[in-house]
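[1] Starting from these lines, generate the structure:
(one chain, ligands or ions: 1)
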Amino acid sequence: MKIIGTGSALPEKEVTNDMLAGFLETSDSWITTRTGIQTRRLLSKETLSELAITAAQNAIKSSGLNPEDIDYLICSNVANSYVSPSLSSIILAPLGCCCPCIDLNGACAGFIYSLDMADAFFKTGRAKNILIVAAEEPSRFCNWHERETSVLFGDGAGAVVLTEGEGFKDFRVTADTHTDVLYYKRSLEVTPYDRVEEKTMPLVMQGREVFKLAVRACIKDVDVMLERNNMTGEDIDMYLLHQANMRIIESIREHLGQPKEKFPTNLQKYGNTSSASIPILMDELSRAGELKDGMTLLLSAFGGGFVTGITIMKWSEIKYEEE
Ligand code: UT7
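    Residues are numbered from 1 along each chain as shown. The predicted model follows:
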């Protein structure tokens, strides 16, 4: 398969570190030095499904296809205000698509998990054109009285359209059970038979542990991926890494000994948008003309679970109409 269209959408409301320091015991300098994040966009007027629809429409438009040409829709999403129906069901008809659809929760690695699943659909002849929309509102998982988590996240949506082709070289997705380091619990209805009344628990994160797990796992993924494709860090033109923390990206860059220019970032502007971070970055780079025909890209992400995903792909330039 190959990517033939990209799109993204961000909430209008921009929230700076100083704005957060107005009601949390934090500071612009702490957030910037520990994470690299300066501002984030947070949902206020819009809904997540509206963002997802805009990102998807932009991706379909740039692909040159029509909504009815899409024959599978995958939404990468951790949680939204609906438990059921799925986000993909909610956006399907408004997009004008008429195809099977499914949500996939691969935490922050969900976009790469979705690509991996799409790849399997192409290889088994199940689909000719697939739309992936990664739409996330992690700001809604946080306890906004806690500085440890609420300063890290932003909301947003990124989308790609895939068709048959030779763009993707290899995938590796991994998973392990570490429920204690990163979780968000939602309460379910109480039944006469359930002994424990559960409460919604806003996002809990052992930051340092997640940091170490992320660096270790991403370095392993990159090493395995390069070695089994007989490549070195030099052979990758650009690394599109999950935008969680500049220091995590920097640790991976240092391990590879590759120049900073190969590691584009936008976490300064948007914070950690979970699985939407890589497709948003990809859309911005592609529309800015930074992704050239034939470039080799490496995409890598990690997330709660603990899960990781990595892929290597060749880029084919996309032509965008003036907007
Ligand atoms: O997509 C997956 C999502 N998660 C991640 O990617 C998170 C990975 N982890 C991280 O990015 C980092 O661990 C954090 C940015 C979360 C924290 O950075 P750190 O350098 O690991 O700091 P720390 O947790 O070790 O905390 C250092 C200090 C503590 O104070 P004491 O105990 O030294 O007095 C914290 O209480 O910083 C304090 N602190 C803060 N101070 C100001 C924690 N959060 C804040 C804050 N503002 N927002």
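[2] how about low-confidence regions in the protein?
    323 (pLDDT under 70).
[3] Strands of that one, residue ranges please.
    2-9, 13-16, 39-42, 72-76, 101-104, 129-136, 156-163, 168-175, 182-185, 201-205, 238-241, 296-303, 307-314 (DSSP state E).
[4] among those strands, which is nearest Lys123?
    strand 168-175 (10.3 Å; CB to CB). C-beta coordinates here come from the backbone N, C-alpha and C atoms, glycine included.
[5] Show me what that closest one is in contact with.
    1-2, 106, 109, 112-113, 115-116, 119, 217, 221, 224-225, 228-229, 305-314 (CB atoms under 8 Å, 6 or more residues apart in numbering).
[6] partners of that strand in the sheet?
    strand 307-314 (antiparallel) (DSSP bridges).
[7] Please compute how far stretch 31-48 lies from its chain's middle.
    Taking CA atoms, centre = their mean, to the nearest Å, one finds stretch 31-48 lying 14 Å from the centre of the chain it belongs to.
[8] buried residues in stretch 126-139?
    127-139 (16 or more other CB atoms under 10 Å).
[9] Show me which pair in these is furthest apart.
    Within these, two members stand farthest from each other by CB to CB: Lys128 and Ser139, at 36.1 Å.
[10] about what we covered before: going through the contacts of strand 168-175, which ones are buried?
    Among those, those classed as buried by 16+ other CB under 10 Å are 1-2, 106, 109, 112-113, 115-116, 119, 217, 221, 225, 305-314.
[11] tell me what the biggest helix by length in the chain is packed against?
    With secondary structure taken from DSSP state H, the chain has its longest helix at helix 207-228. For helix 207-228, the packing partners by 3 or more CB pairs under 8 Å, 6 or more residues apart in numbering; DSSP states H and E come out as strand 168-175, helix 246-256, strand 296-303, strand 307-314.
[12] Which neighbours in the sheet does the third one have, and how are they oriented?
    Okay, so that is strand 296-303. strand 238-241 (parallel), strand 307-314 (antiparallel).
[13] who's in contact with Ala159?
    Applying CB under 8 Å, 6+ apart to Ala159 gives the contacts 5-8, 52, 55-56, 58-59, 131-134, 279, 283.
[14] measure it to the ligand for me?
    Using CB to the nearest ligand atom, to the nearest Å, Ala159 is found at 20 Å from the ligand.
[15] same check, this time on Asp235
    Computed as CB to the nearest ligand atom, the Asp235 to the ligand distance reads 27 Å.
[16] wait, that residue sits on Leu297?
    No. Taking CB atoms under 8 Å as the definition, Asp235 is not a contact partner of Leu297, at 11.1 Å.
[17] In terms of neighbours, single out the busier of those two.
    With neighbours defined as other CB atoms under 10 Å, Asp235 and Leu297 compare such that Leu297 has more, 23 against 12.
[18] Kindly state the beta-bridge partners for the more buried one.
    Met238, Met313.
[19] May I see the strands of the chain arranged in CSV, with distance to Ser84 as well?
    As requested, the strands of the chain are arranged in CSV below (distance: least, CB to CB, whole Å):
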stretch, distance to Ser84
strand 2-9, 24
strand 13-16, 28
strand 39-42, 25
strand 72-76, 13
strand 101-104, 10
strand 129-136, 16
strand 156-163, 20
strand 168-175, 24
strand 182-185, 17
strand 201-205, 21
strand 238-241, 32
strand 296-303, 22
strand 307-314, 23
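[20] Which of those sits closest to Ser150?
    Of all the strands of the chain, strand 201-205 comes closest under CB to CB, at 8.5 Å.
[21] What separation is there between the residue sitting furthest away from the middle of the chain and the ligand?
    Largest separation from the mean C-alpha position in the chain: Pro192, at 38.9 Å (CA atoms, centre = their mean). Using CB to the nearest ligand atom, one obtains 38 Å as the distance from Pro192 to the ligand.
[22] List the contacts of that residue.
    Contacts of Pro192 (CB under 8 Å, 6+ apart): none.
[23] Contact distance from the ligand - what residues of the protein qualify?
    By CB under 6 Å from any ligand atom, the residues of the chain that approach the ligand are 26, 30-31, 34-35, 108, 147-148, 151, 205, 207-208, 210-211, 214, 244-245, 272, 303.
[24] Please indicate which of those residues are buried?
    26, 31, 34-35, 108, 147, 151, 205, 210-211, 214, 244-245, 272, 303.
[25] In the stretch 201-323 of the chain, which residue sits closest to the ligand?
    Closest residue of the stretch 201-323 of the chain to the ligand, CB to the nearest ligand atom: Gly207 (3.0 Å).
[26] nearest residue to that residue other than its sequence neighbours?
    Glu148 (6.3 Å; CB to CB, 6 or more residues apart in numbering).
[27] Then Pro202?
    Nearest one to Pro202, counting by CB to CB, 6+ apart, is Asn143 at 3.7 Å.
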